[in-house]
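>>> Structure, please.
(one chain, ligands or ions: 1)
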Amino acid sequence: MAFKHSFAALLLLLPAFSHGAKVPSLPPARASCSVLPEHLPLKNVSTLPDPFTFLNGEKVRNLDDFACRQAEVNALFQRMELGTLPPRPEKITSTFTNNNNLTINVSNEGKSISFNMPVQFPTTGDGPFPVMIGVGGASIPIPSNVALINFNNDDMAQQNSESSRGIGKFFDLYGVNATASSMTAWAWAISRIIDVLEDTPGHLNLDLDRIGVTGCSRDGKGALVAGAFDPRILLTIPQESGSGGAGCWRISDVMWNEGIDTQTAMEIVQENDWFSVGFEQYVNTTSLLPFDHHMLAGLVAPRPLFVIDNTDYVWLGPESVWGCMSTAHKVYEALQIPDVMGVSQIGNHSHCDFPSDQQAQLSAFFDKFFFGDTKANTSVLETDGANGANEFVESQWVDWAIPRLA
Ligand code: MCU
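Predicted coordinates:
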């Protein structure tokens, strides 16, 4: 029996090959995994919560449990921080014109919206091409053999200030009182882009096994949320997302309490609508959250994730981002795929200005996961330590063990 079980687990973790892309996958989670109690049993946890212990205290022991835990964590993020992500709407149609303009029409419960986006194809090669979806465009260099879809996230859900909450096409469809934050609205729309690509015969000559998402800064936060919410996205590359993205609320709070002028949950909910109204009740006591952003990144696992950040700006939370993402890496370690997640945090460049020092690392992620170069070195877990990044002391934040999940 034990042999049978581990054999099945091994099969599930065997890489699926699509042009060589190495993609381990998890068993599907039971529907009951995402059902949360009405009253959440919240307790004060000042360290980073354990990704491998369920809300009810049970431990994650194997891949089935892990998939179930991910569904629970996903539901927690929606309930407490990001708002509800609506399911696939009733009707989706699309038109593709001039070989570069994709228009998506969505109808649900008597309301309709249309949104469109440019699709830029490689100028050489036959395809099907891998494709990156740029949240508000892309500010990393996209390889010439990869297509790019520029997703206008502001059109879907505005992000000008807290008063832009409820403005945008998503809210025209679901109503201004939808609990979704702007980032959840963007993630929903990105999933609709993927629906359309799936539904279109020939998939617009794009390879749907090789879809990536990226974005910088506020749009990098959004890229991480999209990657966390849609398992059809293979490669997630948030760039300089800082606090509210790659940073952990708890660590940013400690930085702030030490007198460092960094962005905290308390500030972020006053600045913009990236998080749900429901999150506001936790921003003064982030220690009550049964998760932190290491677990948002953990939702991307076992799919490839490359987190790029910048130590030049204290506002981004260098210590928070490094601590949070090096802790997220433990999820990939538990799955025994440490090279599938990378973190690279270096300074000496302007915000969202991709530095040439990170080029080899970025190329390795594309080469390995889009183009099957198994020798590409994606073993990247580094910070230049500037602006306090190296002040993160793991033993003060991580008090749980990393299980070996199979
Ligand atoms: C790093 O992302 C944000 C940051 O959270 C905001 O506080 C700041 O105003 O804008 C950053 C950004 O999106 O810059 C383009």
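
>>> from here on, contacts and neighbour counts on C-alpha atoms
Will do.

>>> Can you tell me the element Asp209 falls in?
Per DSSP states H and E, Asp209 falls inside strand 206-216.

>>> which residues are in contact with that strand?
Contacts to strand 206-216, defined as CA atoms under 8 Å, 6 or more residues apart in numbering, come from residues 18, 21, 127-139, 147, 194, 197-198, 220-224, 226-227, 232-241, 352, 369-370.

>>> Next step: those residues restricted to strands.
18, 21, 129-135, 147, 235-239 (DSSP state E).

>>> Would you tell me which one of those residues comes nearest to Pro302?
Closest approach between these and Pro302, by CA to CA: Leu235, at 10.3 Å.

>>> Would you mind naming the residues that bridge with the closest residue to that closest one other than its chain neighbours?
Using CA to CA, 6 or more residues apart in numbering and skipping residues adjacent in sequence, the residue nearest Leu235 is Gly212, 4.3 Å away. Legend: beta-bridge partners of Gly212 under DSSP bridges are Met132, Leu235.

>>> Compute the number of surrounding residues for Gly212.
Counted by other CA atoms under 10 Å, the residues lying close to Gly212 total 27.

>>> do you know how far it is from Asp230?
According to CA to CA, to the nearest Å, Gly212 stands 11 Å off from Asp230.

>>> do Pro290 as well
Going from Pro290 to Asp230 by CA to CA gives 22 Å.

>>> Repeat that for Tyr332.
18 Å.

>>> same deal with Lys368?
Separation of Lys368 from Asp230 (CA to CA): 21 Å.

>>> neighbour count winner among those two?
A direct count of neighbours by other CA under 10 Å for Lys368 and Asp230 places Lys368 higher, at 20 against 16.

>>> my read: the more buried one touches Ser379, true?
No - look at Lys368 against Ser379 with CA atoms under 8 Å: they stay out of range, at 11.2 Å.

>>> Next, work out how far apart the residue nearest to Gly125 when sequence neighbours are not counted and Ser363 are.
Sequence neighbours aside, Asn145 is the residue nearest to Gly125 in space, at 7.4 Å (criterion: CA to CA, 6+ apart). Distance from Asn145 to Ser363, counting by CA to CA: 12 Å.

>>> go on, Ala189?
On the measure of CA to CA, Ala189 and Ser363 end up 27 Å apart.

>>> out of these two, which sits in the busier spot?
Ala189 (24 against 17).

>>> OK, contacts around the more buried one?
Under the criterion of CA under 8 Å, 6+ apart, the contact partners of Ala189 comprise Met156, Phe170.

>>> ok, now Lys330?
Each residue near Lys330 by CA under 8 Å, 6+ apart is listed here: Pro338, Ile402.

>>> secondary structure element for it?
Assigned by DSSP H and E, Lys330 falls in helix 318-334.

>>> now check the helix or strand following that helix, is it near the ligand?
Counting by DSSP H and E, the element after helix 318-334 in chain order, helix or strand, is strand 341-345. No - applying CA under 6 Å from any ligand atom, one finds strand 341-345 separated from the ligand by no less than 13.7 Å.

>>> Parallel or antiparallel, which strands does strand 341-345 pair with?
Sheet partners assigned to strand 341-345 using DSSP bridges are listed as strand 305-309 (parallel), strand 381-383 (parallel).

>>> just the ones you listed: most buried one?
Burial of the strands paired with strand 341-345 is given as mean neighbour count (mean count of other CA atoms under 10 Å); strand 305-309 ranks first at a mean of 28.

>>> Need the residues that contact that one.
Contacts of strand 305-309 (CA under 8 Å, 6+ apart): 235-242, 246, 297, 321, 325, 340-346, 362, 365.

>>> quick check: angle from it to strand 206-216?
Orientation note: strand 305-309 sits at an angle of 20 degrees relative to strand 206-216 (axes from the mean of the first three to the mean of the last three CA atoms, to 10 degrees).

>>> before we move on, the earlier item: go through the helix holding Lys330 and flag the buried ones.
Buried residues in helix 318-334, counted by 16 or more other CA atoms under 10 Å: 318-334.

>>> Which residues are in contact with the residue of the stretch 251-400 of the chain found nearest the ligand?
Here the stretch 251-400 of the chain gets closest to the ligand at one residue, Leu316, 5.7 Å apart by CA to the nearest ligand atom. By CA under 8 Å, 6+ apart, the contact set of Leu316 is Glu240, Ser241, Gly242, Ser243, Gly247, Thr262, Gln263, Asn310.

>>> my read: the second one touches Ser217, true?
Meaning Ser241. Yes - counting by CA under 8 Å, Ser217 is a contact partner of Ser241 at 4.2 Å.

>>> on that earlier part again, what is the burial count for the residue nearest to Gly125?
Neighbours of Asn145 using other CA under 10 Å come to 18.

>>> Tell me if it really is in a strand.
No - using DSSP: H, G, I helix; E, B strand; the rest coil, the assignment for Asn145 is coil, not a strand.

>>> So that it lines up with my notes, have the first residue be 846 from now on.
Yes, from this point I'll number from 846; that puts the last item at Asn990.

>>> need the contact list for it.
Asn990 neighbours (CA under 8 Å, 6+ apart): Pro967, Thr968, Thr969, Gly970, Phe974, Pro975.

>>> gap between the third one and the ligand?
Spelled out, that is Thr969. Per CA to the nearest ligand atom, to the nearest Å, Thr969 is found 33 Å from the ligand.

>>> part of a helix, is that residue?
No - checked against three-state DSSP, Thr969 lies outside a helix; its state is coil.

>>> What residue, apart from its backbone neighbours, is nearest it spatially?
Spatially, and ignoring its direct neighbours in sequence, Thr969 is nearest to Asn990 (7.4 Å; CA to CA, 6+ apart).

>>> Now do the one you found, the pLDDT please.
At Asn990, the model reports a pLDDT of 98.

>>> same deal with the one 10 residues further on?
You'll see Asp1000 listed with a pLDDT of 98.

>>> Could you give the number of residues near Gln1108?
With neighbours defined by other CA under 10 Å, the count for Gln1108 comes to 22.

>>> Many thanks, we can stop here.
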